[in-house]
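> Sequence first, predicted model second:
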Amino acid sequence: MSTIETDPAGTAGTRAPRVELLPARDVPLGGPRAMTVRRTLPQRARTLIGAWCFVDHYGPDDVAVSGGMDVAPHPHTGLQTVSWLFSGEIEHRDSLGVHAFVRPGELNLMTGGHGISHSEVSTPGTTVLHGVQLWVALPEQHRHTARDFHHHVPRPVPLDGGEARVFLGSLAGDTSPVPTFTPLLGAELTLRPHGATTLAVDPSFEHGLLVDHGDVRIADTPLRPAELGYLAPGSTTLTLTNTGDTTARAILIGGPPFEERIVMWWNFIGRDHQDIAEAREEWQAGSDRFGSVAGYPGNRLPAPVLPGATLTPRGNPPVPRSG
């Protein structure tokens, strides 16, 4: 938990918080048949929002043109993956033996821990693929935990100006049953045309709002589609407004500042260069650490070559006070 005094005067809920805009960059995902995603986290300005350390946003993609998603078996360590779709369907296979499907409005959360591998392939019936892929960093005491998998279908929760689906944590009177290793918030929000809603939030959390589509203002700051707005801890409420003539949609994430410094490289999260080098070596050697994925019609992804320089841990800049 953060030791930063976020609101000594007790007035954070009465003033609009400052919003830091984090633009997206295009990144190829998944080897030789790579699809393009828009990545807003991590970046130089910010490594984490709470324990959220990775935000990819993709689509809507016409699969007949893009080829869809085909990510061969690949490893993960020290993190959880959060898959959430707006349209389409993805087939998931992992070394825990799970064979599942990611569908719109349904959460798939996979815990990598000490090591897991999985594949992700859009299904033949998918015509338009559209969604987000998020990662959560595991704290030191849990980063070598056993691999795991959870599926959850959150109910729609009515808001003054729209609707919420809470897939992790608590918001708008709803709580996800899916366990996490640090306090987290994850929710899909939709806002009716010219609708507005004010959400009660935990003032110890920092938050990020990723706009999928629509004209959304948060705390009086406009966000364009694919932009991620960051808000420091300190606010007890967040007000979102759809200023457009069509329905808007966004993903809200949050959690208390994650104070551990991490090394992220390829699909691994560790604490130093040696953690990453060992994980890479074991993946290349076919170690039992990551298991094997049954049912994928092709080879697994090889790890890229490590950079010549030593990988160094990164954290966030000091958390600014909201307001």
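Received the coordinates, thanks.

> and the closest residue to Arg143 other than its chain neighbours, how many neighbours does it have?
Sequence neighbours aside, Gly78 is the residue nearest to Arg143 in space, at 4.3 Å (criterion: CB to CB, 6 or more residues apart in numbering). All C-beta spots, glycine's among them, are computed from the backbone N, C-alpha and C. Gly78: 30 surrounding residues under other CB atoms under 10 Å.

> Number the chain from 11, please
With the count now opening at 11, the last piece we talked about shows up as Gly88.

> what's near enough to touch Gly88?
Counting by CB atoms under 8 Å, 6 or more residues apart in numbering, Gly88 touches 122-123, 147-148, 153-154, 272, 278-280, 285.

> helix, strand or coil for Ala289?
Following DSSP: H, G, I helix; E, B strand; the rest coil, the label given to Ala289 is helix.

> And it, how close does it get to Leu321?
Using CB to CB, to the nearest Å, Ala289 is found at 11 Å from Leu321.

> Settle it for me: which of these two has more neighbours?
Taking neighbours as other CB under 10 Å, Ala289 and Leu321 compare with Ala289 leading, 26 against 18.

> you'd agree the more buried one is up against Thr87?
Yes - contact status for Ala289 versus Thr87: in contact at 5.0 Å, counting by CB atoms under 8 Å.

> Could you list the residues in contact with whichever helix or strand Val131 is part of?
Assigned by DSSP states H and E, Val131 belongs to strand 126-132. Residues external to strand 126-132 that are found in contact with it (CB under 8 Å, 6+ apart): 40, 73, 78-86, 91, 93, 98-106, 112, 120, 139, 157, 293, 300-303, 306, 310.

> so what sits against both of Ala289 and Thr87?
Taking CB under 8 Å, 6+ apart as the criterion, Ala289 and Thr87 both touch 125, 278, 280.

> Out of those, the closest to Gly196 would be?
For the shared contacts of Ala289 and Thr87, the closest approach to Gly196 (CB to CB) belongs to Phe278, at 22.2 Å.

> count of neighbours near the residue lying closest to Ala34 once chain neighbours are set aside?
Excluding the flanking residues, the one nearest Ala34 by CB to CB, 6+ apart is Arg48, at 3.9 Å. Using other CB under 10 Å, Arg48 has 20 other residues around it.

> Helix, strand, or coil at Arg48?
Looking at Arg48 with three-state DSSP, the answer is strand.

> For Gln143, which non-adjacent residue is closest in space?
That would be Asp66: by CB to CB, 6+ apart, it lies 4.4 Å from Gln143.

> can you confirm that neighbour is in a helix?
No - if the criterion is three-state DSSP, then Asp66 is strand and not within a helix.

> ok, it - contacts?
37, 39, 47-49, 142-144.

> Are any of those buried, and if so which?
39, 47-49, 142-144 (16 or more other CB atoms under 10 Å).

> Flag the least confident of the residues you listed.
Lowest pLDDT among the buried ones among the contacts of Asp66: Leu39, with 71.

> For the closest residue to that one other than its chain neighbours, give its distance to Thr87.
Once flanking residues are discounted, Leu39 sits nearest to Val47: 4.9 Å by CB to CB, 6+ apart. Separation of Val47 from Thr87 (CB to CB): 21 Å.

> one step back: quick one: residues contacting the residue nearest to Leu39.
Val47 neighbours (CB under 8 Å, 6+ apart): 36-39, 66-68, 143.

> Of those, which is the nearest to Asp230?
Nearest to Asp230 among those: His67, at 23.4 Å, using CB to CB.

> so how far is Val142 from the closest one?
5 Å.

> overlap in contacts of the two?
Joint contacts of His67 and Val142 (CB under 8 Å, 6+ apart) are 220, 222.

> Distance from stretch 259-266 to the middle of the chain?
Put simply, stretch 259-266 sits 9 Å off its chain's centre (CA atoms, centre = their mean, to the nearest Å).

> same question, stretch 133-152
With CA atoms, centre = their mean as the basis, stretch 133-152 stands 7 Å off its chain's centre.

> same deal with stretch 214-231?
15 Å.

> Dump that stretch to PDB, restricted to CA.
Output in PDB follows, covering the C-alpha atoms of stretch 214-231 (Å, rounded to 0.1, in the frame of the first residue of the first chain):
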ATOM      1  CA  SER A 214      -6.100   5.200  -2.100                       C
ATOM      2  CA  PHE A 215      -6.300   3.900  -5.700                       C
ATOM      3  CA  GLU A 216      -4.800   5.500  -8.800                       C
ATOM      4  CA  HIS A 217      -6.900   5.000 -11.900                       C
ATOM      5  CA  GLY A 218      -6.700   4.800 -15.600                       C
ATOM      6  CA  LEU A 219      -9.500   5.200 -18.100                       C
ATOM      7  CA  LEU A 220      -9.000   3.800 -21.600                       C
ATOM      8  CA  VAL A 221     -11.500   5.000 -24.200                       C
ATOM      9  CA  ASP A 222     -12.500   2.500 -26.700                       C
ATOM     10  CA  HIS A 223     -14.900   4.700 -28.700                       C
ATOM     11  CA  GLY A 224     -16.900   7.800 -28.200                       C
ATOM     12  CA  ASP A 225     -16.300  11.400 -26.900                       C
ATOM     13  CA  VAL A 226     -15.600  10.900 -23.200                       C
ATOM     14  CA  ARG A 227     -14.600  13.500 -20.600                       C
ATOM     15  CA  ILE A 228     -13.200  12.400 -17.200                       C
ATOM     16  CA  ALA A 229     -12.700  15.100 -14.600                       C
ATOM     17  CA  ASP A 230     -13.400  17.700 -17.200                       C
ATOM     18  CA  THR A 231     -10.500  16.400 -19.400                       C
END
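
> With that, I have no additional questions.
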